[in-house]
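Q: quick one, what's the 3D model for this:
(chains A and B)
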Protein chains: 2
Amino acid sequence: MTDWRMRLTGQSGVGLAEYEMRAVTPADDAALWSMLEPVFRAGDTYAIDPAISRAEALDFWCGGTHSAFVLEEGGQALGSYYICPNQQGGGAHVCNCGFVTAKAAQGRGVARVMLEHALEEARKRGFRAMQFNFVVETNTRAVALWQANGFDVVGRLPGAFCHPDQGFVDALVMYRRL
Amino acid sequence: MTDWRMRLTGQSGVGLAEYEMRAVTPADDAALWSMLEPVFRAGDTYAIDPAISRAEALDFWCGGTHSAFVLEEGGQALGSYYICPNQQGGGAHVCNCGFVTAKAAQGRGVARVMLEHALEEARKRGFRAMQFNFVVETNTRAVALWQANGFDVVGRLPGAFCHPDQGFVDALVMYRRL
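A: Numbers count the residues shown, from 1 in each chain, chains lettered A, B, ... in the order given. This next block holds a predicted model:
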């Protein structure tokens, strides 16, 4: 738990001890929603109804088979991710994750740090691979980040995403063994 | 609703009028479970926990965003399928389906007939494409059927399915525009 703290850039004078990656609790609802709301409302990266309610969004992020984590800096949430089995039964050895970064923390490597934690967490839980089912091709920062971290594009869904500005664009299936 | 009735082979003397494709009702629970149970218990085609309960299986098949249909011959269920949006928000114009055929009705073209109905239903509901997220590569009959009906393999998930006999095999993502 020390290495990823070193990798965050642009820290605002907060000591390393102030960083924490931990499981989400109900007390994080407001912080989570403040990160999720702009991303879901924008509707350009997640295949989620942009009109989703706060309760539905929090239930999606933390509920069901999802385990959610939050990355904090001095008590301030920088980002969050969830991990879950991507399928059940014979497909339960492959996990899926979703990531969100606080607007104010963008460009500091938060997603990369969370991915590193997620890969470690996935191995700990016995998963053999990680799959992203629906990476919108116009989300080039995400595509580049996943590719730089060992994910291959194993599928391309033609016109599967209706982008609010760019119309129908492809979505990518990305996969990496652990 | 006349053409697909003609396409079923091996009818046991039942008149065409005896065939019906209709929405599932709670009265179909027993018939549905009799078709789903052997398929889910076998665990070699669906990424579903083979130990799934009857209630969970019926809820999966008919609940949430799923609309389920049943194909009957003289009151006897030959097969069932569900249709649902594959994603929400910007991905809601692509649907997903699942199919099951009664053991006793296998080899009669039941899945093909249901697919035809599903494609028509999908267009009626305004979907622009149909996607199968997880076609186990060893399920060669399904792969061949979907390919013969306009589906392309747009993704391959390496070792994403643990087959009860064959170990880790690939799963395919299949896609067709409507």
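
Q: quick one: pLDDT of A:Arg5?
A: With respect to pLDDT, A:Arg5 has a value of 56.

Q: try the one 4 residues further on
A: The per-residue pLDDT reported for A:Thr9 equals 60.

Q: pretty sure A:Phe132 is in a strand, no?
A: Yes. Per DSSP: H, G, I helix; E, B strand; the rest coil, A:Phe132 lies within a strand segment.

Q: ok, the closest residue to it other than its chain neighbours - contacts?
A: In this structure, A:Phe132 finds its nearest non-sequential neighbour in A:Met174, 4.4 Å apart by C-beta to C-beta, 6 or more residues apart in numbering or on different chains. C-beta: built from backbone N, CA, C; applies to glycine. Taking C-beta atoms under 8 Å, 6 or more residues apart in numbering or on different chains as the criterion, A:Met174 is in contact with A:131-132, A:135, A:143, A:146-147, A:151-154.

Q: who does the host helix or strand of A:Met174 pair up with?
A: If you go by DSSP states H and E, A:Met174 is part of strand A:167-177. Paired neighbours of strand A:167-177 in the sheet (DSSP bridges): strand A:129-136 (antiparallel), strand A:152-163 (antiparallel).

Q: tally of neighbours for the residue in chain A positioned nearest to chain B?
A: Chain B sits closest to A:Gly155 of chain A, with a gap of 2.1 Å, by C-beta to the nearest C-beta. For A:Gly155, the neighbour count with other C-beta atoms under 10 Å in any protein chain shown is 27.

Q: and it, what pLDDT?
A: A:Gly155 is given a pLDDT of 98.

Q: I'd say it and A:Leu172 touch.
A: Yes. If you go by C-beta atoms under 8 Å, A:Gly155 and A:Leu172 touch, sitting 6.8 Å apart.

Q: who in chain A is up against chain B?
A: Residues of chain A lying close to chain B (C-beta under 8 Å from any C-beta of the partner chain) are A:40, A:43-44, A:46-50, A:52, A:87-94, A:128-129, A:131, A:133-134, A:136, A:154-164, A:171, A:173, A:175, A:177.

Q: show the residue spans covered by the strands in chain A.
A: A:19-23, A:67-73, A:76-85, A:94-101, A:129-136, A:152-163, A:167-177 (DSSP state E).

Q: re the thing from before, give me whichever of the strands paired with strand A:167-177 is most buried.
A: Mean neighbour count (mean count of other C-beta atoms under 10 Å in any protein chain shown) peaks for strand A:129-136 among the strands paired with strand A:167-177, with a mean of 23.

Q: average model confidence for that one?
A: For strand A:129-136, the mean per-residue pLDDT is 98.

Q: dihedrals phi and psi, A:Ala47?
A: phi -80, psi 70 (degrees, to the nearest 10).

Q: where in chain A is pLDDT low?
A: A:1-18 (pLDDT under 70).

Q: grab the most central residue of it for me.
A: In chain A, the centroid-proximal residue (C-alpha atoms, centre = their mean) is A:Phe99; its distance is 1.1 Å.

Q: got a list of what that residue touches?
A: A:79-81, A:111, A:114-115, A:118.

Q: before we move on, what about A:Gly98?
A: A:Gly98 sits in contact with A:46, A:61, A:81-82, where contact means C-beta under 8 Å, 6+ apart.

Q: from those residues, which two are the most distant?
A: A:Tyr46 and A:Tyr81 (12.9 Å; C-beta to C-beta).

Q: coming back round to it: what comes up buried for the strand holding A:Met174?
A: Within strand A:167-177, the residues that count as buried by 16 or more other C-beta atoms under 10 Å in any protein chain shown are A:169-176.
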